[in-house]
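**Student:** No sequence on hand, only this structure:
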């Protein structure tokens with residue numbers, strides 16, 4: 001008699017399994033791709049609504065005396081200038097690096113130099129598909145999942161996507 005193997009075992013043997021170094025390389029590439037994708041400013045940040053468009057949204061109802069009288073111009077507050085001349089993260093980091101160079105080290109801890117001690121609490125194991133607590137890991141790439149449904153979604157759409 002010959003020994004036969006199940007389809008599940010054949011499939012598991014044919015799948016590619018990554019070691020820890022490959023998994024870390026894959027995660028780093030995924031993070032770099034996300035950073036490159038998110039490296040742009042908001043294209044709608046400088047949009048200003050025109051007076052013509054603003055008049056379309058204002059309420060037309062009211063007495064005629066209020067329309068004849070010209071309203072006083074509002075004084076611009078500090079909040080207006082904070083919103084108008086808002087800086088993005090790259091500008092803030094550049095400004096910080098320029099200001100830290102002239103000062104003594106140790107007085108001021110900046111964004112790039114801030115550190116937190118290691119925690120004694122173990123990291124949470126969350127499902128990469130739905131975010132719930134996950135007791136299982138993918139045997140191929142090491143990504144965590146919580147159920148068979150999430151495993152199927154992971155294998156269909158995410159598993160080894162970023163591996164070169």
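**Tutor:** Thanks, I have it. Fair warning: this is a prediction, and the values are worked out from it, not measured in the lab.
**Student:** residues contacting the closest residue to residue 124 other than its chain neighbours?
**Tutor:** Nearest residue to residue 124, sequence neighbours excluded (Cβ to Cβ, 6 or more residues apart in numbering): residue 133, at 7.2 Å. For every residue, glycine as well, the C-beta is placed using N, CA and C. By Cβ atoms under 8 Å, 6 or more residues apart in numbering, the contact list for residue 133 reads 124-127, 146.
**Student:** How about residue 143?
**Tutor:** Going by Cβ under 8 Å, 6+ apart, the list of residues near residue 143 reads 128, 137, 154, 158-159.
**Student:** Turn those into CSV, columns for neighbour count, pLDDT and distance to residue 3.
**Tutor:** Below are the contacts of residue 143 laid out as CSV (neighbours: other Cβ atoms under 10 Å; pLDDT from 0 to 100; distance: Cβ to Cβ, whole Å):
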residue, neighbour count, pLDDT, distance to residue 3
128, 18, 90, 36
137, 14, 91, 29
154, 20, 90, 31
158, 16, 78, 34
159, 19, 81, 29
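**Student:** Give the ranges of residues in this structure that sit below the confidence cut-off.
**Tutor:** For the chain, the stretches flagged by pLDDT under 70 are 1-2, 12-13, 38-45, 49, 51-69, 100-108, 161-164.
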